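Enquirer: Here's a sequence, model it:
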Amino acid sequence: MRQCKEELKEFEKQDVKYREDLKHLNQKIKKIEDKFEKDSTKVEALLKEYDESKNLIPKLEDSIPKLQKLLLDEEKILEEIKESSNGRVLSSTFPGNWEVDLQDPEKVRATLADKDLNEPCDLKKAIDTIAMLEAQLKELNPNLDCISEYRQKVSLYNERVEEYNRVTQEWEGVKQQYDVWTKRLHIVFVRVIVFT
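Expert: Residues are numbered from 1 along each chain as shown. Predicted coordinates:
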């Protein structure tokens, strides 16, 4: 019996140990599953980005001939400008109206190295600037509704001025009558005093 009890104790110890080991293994499995889920999400995002890039490449390849044609057109225009200027350019596009000798490569490099000329011309930035300037222009537009309000106030003022002038004329007429009646009363008063 004693031996059975000892075996049972040993068995229970091993059982506790195995359970703890199983618990640790389950935790490790859970961590690995979480990491796998995160990694699979990243992989899906990368695959989606890859597919989008794959779809974008033909579009970019289609735009290459257009851009090459545009570049050739710009080069032709530049060549025409060079020919028409006989090797000398005086342009307001150069800072300070610099005169540039196109025959001297060093002067051309120095001019092109200027930081004002090397700033990129971004179409989106230009469109944003135009939108901002249009918004500022709208803000600067006067409120024309206040003109009609001003005209109403001016007409009301003119009406009141006319009323004031009319009342003033009436008052002057009444005052003249008052003066006439005052003189007559004075004359009557003087006659009464003199004859009495």
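Enquirer: residue ranges of the helices in the chain, please?
Expert: Along the chain, counting by DSSP state H, helices occupy 2-84, 105-112, 115-118, 123-140, 145-195.
Enquirer: Using a markdown table, lay out those together with mean neighbour count and mean pLDDT.
Expert: The way it works is simple: take the backbone N, C-alpha and C, and place the C-beta from them, glycine included. Output for the helices of the chain, formatted as a markdown table (neighbours: other Cβ atoms under 10 Å; pLDDT from 0 to 100):
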| stretch | mean neighbour count | mean pLDDT |
| --- | --- | --- |
| helix 2-84 | 10 | 83 |
| helix 105-112 | 12 | 63 |
| helix 115-118 | 9 | 51 |
| helix 123-140 | 9 | 76 |
| helix 145-195 | 10 | 86 |
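Enquirer: This protein - how does it break down into domains?
Expert: Annotated domains of the chain cover 1-84, 146-196 [automatic domain parsing].
Enquirer: Determine which of these approaches residue 128 most closely.
Expert: Residue 128 lies closest, by Cβ to Cβ, to one member of those: domain 1-84, at 22.3 Å.
Enquirer: which ones are touching the residue positioned nearest the centre of the chain?
Expert: Most central in the chain under Cα atoms, centre = their mean is residue 132, positioned 5.6 Å from the mean C-alpha point. Contacts here follow Cβ atoms under 8 Å, 6 or more residues apart in numbering; on that basis residue 132 touches nothing.
Enquirer: how much space between it and residue 123?
Expert: 15 Å (Cβ to Cβ, to the nearest Å).
Enquirer: now residue 164
Expert: Counting by Cβ to Cβ, the gap from residue 164 to residue 123 is 64 Å.
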